[in-house]
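Engineer: Fold the following and give me the result.
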Amino acid sequence: MPSSEDFGFASLCWGLVGLYLMHAVYNLYFHPLRSLPGPVYGKVTGLWYISKIKQGNSFLELKRLHDQYGDAVRIVPNELSYNTADAWNAIYGRNIQLHGEDKASATGNRLLKDTLLYGAGFEGADTVINAEGTFYAPQRRALAYAFTRKSLMTKEHLLIHYTDRAIENLTIQISAANTVDVEPMFANAIFDFNCKFVADRDIGASNPHGKIHPSVHYFDNLMRFAYIPISLRRIPMIAYIQDTLQPFISGGFLHPQVVGPLLQNRLDNGGSETDIISYMERHPKEGDTGKSQILNNAIIFISAGTGTTVTWLCTSVYYILSNPDVKSKLCDEIRNAASKASDLNLDVVNNMKYLKAVTDDEEFAGDHRNALQPFSYGPRKCIAHELASMNSKLFLARLFWEFDMELAPESRDWTQQKGCIAHYSRPLMVKFTKRSSLSETEI
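Structural biologist: Here you go, the predicted model:
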């Protein structure tokens, strides 16, 4: 005979099933977004989308849904996906807040960020990622000058230094094996530069062994896996648990062995008057820029700045090497612009029209490029976009000036990869040959 405990457990289970069915009926027939197109399973639950994120192919599924349903798709009960240029302006531009003028003025006439996506926070601090209104604007203003073209040009010597170091290490590496994975070289060099740019210190990540530095690998994995718990916030109970535990989580995104001590050393002992931390330290009363906020913002600039630039570089190399005519024209422009490697500075590189067309093709016949804004759009556009562009162009110019390069056969399908927020790293194997026409004086 069933016990009262068994009956109570069964009642609980049936109650949960009934609650879920009621929720599903509401989402299908009474939800404010009920009339918008999308798959039935997406209108009922977000679990399918969480599963695709975990598998690393959510972007492919979104592409399929847009092909099937059009420009606006209801992908989960409370979320829409858009794939048009107009949507960027409507969502990320300066638009009146839908829930009242008071909120609109507080956020600069912008829609508020989704608290499910950004609510996880950084140890409770308001950062350039998750801050809103009066907490965000002062941080942006404090950092704005550091990312102007005039200010970035003063960092030319650092860009050249870390590019030189990477080329030197690559030259050593290819003396043993001329086909190498270029991503560790890019990642280590860019990470070192970003540490120096942000905190006036580097970790010595760049090496001639073709191995990615542990701290760089840590942040690569962090970008890969962090979105999974964030996506789980679509389940209300999990979001509640995460928010409850957040104040008790120490360390945030700091890599305890290397980057954490490096940043702490910078805060304790000072650094350059023009590193990124210095700009935040000069505005202690604006936006509550306390120590935790400075640390979290610093790590955002280091990790996000590395991942985006490395993706830009790897993708550029892949497509250049996959198109012989493009490679030939690009090599001609780069090699005719400089008689020796030391002549390749930012002024020279920024005047290379074909290189700009290759790396940042803003216009293309019949192509709606504004539908994709990888550095975001409007007042919240990535503040470091110009820096990533300078870094990428200088690195590419040096590589194609120094070496003849071919895509290795095993990497011809390199674009067939998984990802979420950023792509999941796959080896990009490239065969390098030092240009036979170069003399030591030219180098």
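Engineer: low pLDDT regions in the stretch 151-300 of the chain?
Structural biologist: 223-229, 233, 235-257, 284-289 (pLDDT under 70).
Engineer: What ranges does it have for its strands?
Structural biologist: 179-181 (DSSP state E, counting those that start in this stretch).
Engineer: pretty sure residue 172 is touching residue 208, no?
Structural biologist: Yes. Counting by Cβ atoms under 8 Å, residue 172 does reach residue 208; the two are 3.8 Å apart. (Each C-beta comes from the backbone N, C-alpha and C, glycine too.)
Engineer: Compare the two and say which is more crowded by neighbours.
Structural biologist: A count of neighbours by other Cβ atoms under 10 Å puts residue 208 above the other of residue 172 and residue 208, at 17 against 13.
Engineer: Name the residues contacting each of residue 172 and residue 208.
Structural biologist: Applying Cβ atoms under 8 Å, 6 or more residues apart in numbering, one finds that no residue jointly contacts residue 172 and residue 208.
Engineer: does residue 314 sit in a helix or strand, and which one?
Structural biologist: helix 291-321 (DSSP states H and E).
Engineer: again but with residue 433, I slipped
Structural biologist: Residue 433 belongs to strand 429-434 when assigned by DSSP H and E.
Engineer: what's the neighbour count on residue 210?
Structural biologist: 19.
Engineer: mind checking the SS state of residue 373?
Structural biologist: coil (DSSP: H, G, I helix; E, B strand; the rest coil).
Engineer: Might one say that it is in contact with residue 87?
Structural biologist: No. Between residue 373 and residue 87 there is no contact under Cβ under 8 Å: 9.9 Å.
Engineer: Provide a list of residues in contact with the residue nearest to residue 170 when sequence neighbours are not counted.
Structural biologist: Once flanking residues are discounted, residue 170 sits nearest to residue 185: 5.6 Å by Cβ to Cβ, 6 or more residues apart in numbering. Each residue near residue 185 by Cβ under 8 Å, 6+ apart is listed here: 166, 169-170, 173, 206, 210.
Engineer: can you check residue 350 too?
Structural biologist: Residue 350 makes contact with 356, 390, 393, according to Cβ under 8 Å, 6+ apart.
Engineer: Quick check, pLDDT for it.
Structural biologist: pLDDT recorded at residue 350 is 93.
Engineer: The residue nearest to residue 188 when sequence neighbours are not counted and residue 67: what is the separation?
Structural biologist: Spatial nearest neighbour of residue 188, excluding adjacent residues (Cβ to Cβ, 6+ apart): residue 205 at 3.9 Å. Applying Cβ to Cβ, to the nearest Å, the value for residue 205 to residue 67 is 41 Å.
Engineer: who has more neighbours, the two?
Structural biologist: residue 205 (25 against 10).
Engineer: okay, the residue lying closest to residue 219 once chain neighbours are set aside: pLDDT?
Structural biologist: Ranked by Cβ to Cβ, 6+ apart and with sequence neighbours excluded, the top spatial neighbour of residue 219 is residue 303, at 4.3 Å. For residue 303, the pLDDT comes out at 86.
Engineer: wait, doesn't residue 303 sit right on residue 222?
Structural biologist: Yes. Using Cβ under 8 Å, residue 303 is in contact with residue 222, at 6.9 Å.
Engineer: still on that earlier bit, run the angle between the strand holding residue 433 and helix 291-321 for me.
Structural biologist: 70 degrees (axes from the mean of the first three to the mean of the last three Cα atoms, to 10 degrees).
Engineer: partners of strand 429-434, with directions?
Structural biologist: Here strand 429-434 has these sheet partners by DSSP bridges: strand 179-181 (antiparallel), strand 403-407 (antiparallel).
Engineer: which stretch among the ones you listed comes nearest residue 13?
Structural biologist: Nearest of the strands paired with strand 429-434 to residue 13, taken as Cβ to Cβ: strand 179-181 at 51.0 Å.
Engineer: I figured residue 410 was touching residue 431, is that so?
Structural biologist: No. The pair residue 410 / residue 431 is not scored as a contact, 10.8 Å apart, by Cβ under 8 Å.
Engineer: Look at these two and report which has more neighbours.
Structural biologist: It is residue 431, of residue 410 and residue 431, that has more neighbours when counted by other Cβ under 10 Å, with 18 against 11.
Engineer: so that one bridges to which residues?
Structural biologist: Beta-bridge pairing of residue 431 under DSSP bridges involves residue 179, residue 406.
Engineer: check contacts around it.
Structural biologist: 178-179, 405-408.
Engineer: let's go with 6 Å and repeat that
Structural biologist: Residue 431 sits next to 178-179, 406, 408 when contact means Cβ atoms under 6 Å, 6 or more residues apart in numbering.
Engineer: closest to residue 309 among the residues you listed?
Structural biologist: Closest to residue 309, out of all of those and judged by Cβ to Cβ, is residue 408, at 22.5 Å.
Engineer: Report the separation between that closest one and residue 171.
Structural biologist: In this view, residue 408 and residue 171 are 18 Å apart by Cβ to Cβ.
Engineer: swap in residue 339?
Structural biologist: 19 Å.
Engineer: Look at these two and report which has more neighbours.
Structural biologist: Shown here are residue 339 and residue 171; by other Cβ under 10 Å, residue 171 has more neighbours (15 against 10).
Engineer: Residue 321 is in contact with residue 407, correct?
Structural biologist: Yes. If you go by Cβ atoms under 6 Å, residue 407 and residue 321 touch, sitting 4.0 Å apart.
Engineer: Could I have the buried ones of the contacts of residue 431 as ChimeraX selection syntax?
Structural biologist: Filtering the contacts of residue 431 down to the buried ones (16 or more other Cβ atoms under 10 Å) takes a single ChimeraX command:
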select :406,408
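Engineer: Just send the contacts of residue 431 back as JSON lines, with distance to residue 161 too.
Structural biologist: Below are the contacts of residue 431 laid out as JSON lines (distance: Cβ to Cβ, whole Å):
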{"residue": "178", "distance to residue 161": "25"}
{"residue": "179", "distance to residue 161": "27"}
{"residue": "406", "distance to residue 161": "28"}
{"residue": "408", "distance to residue 161": "29"}
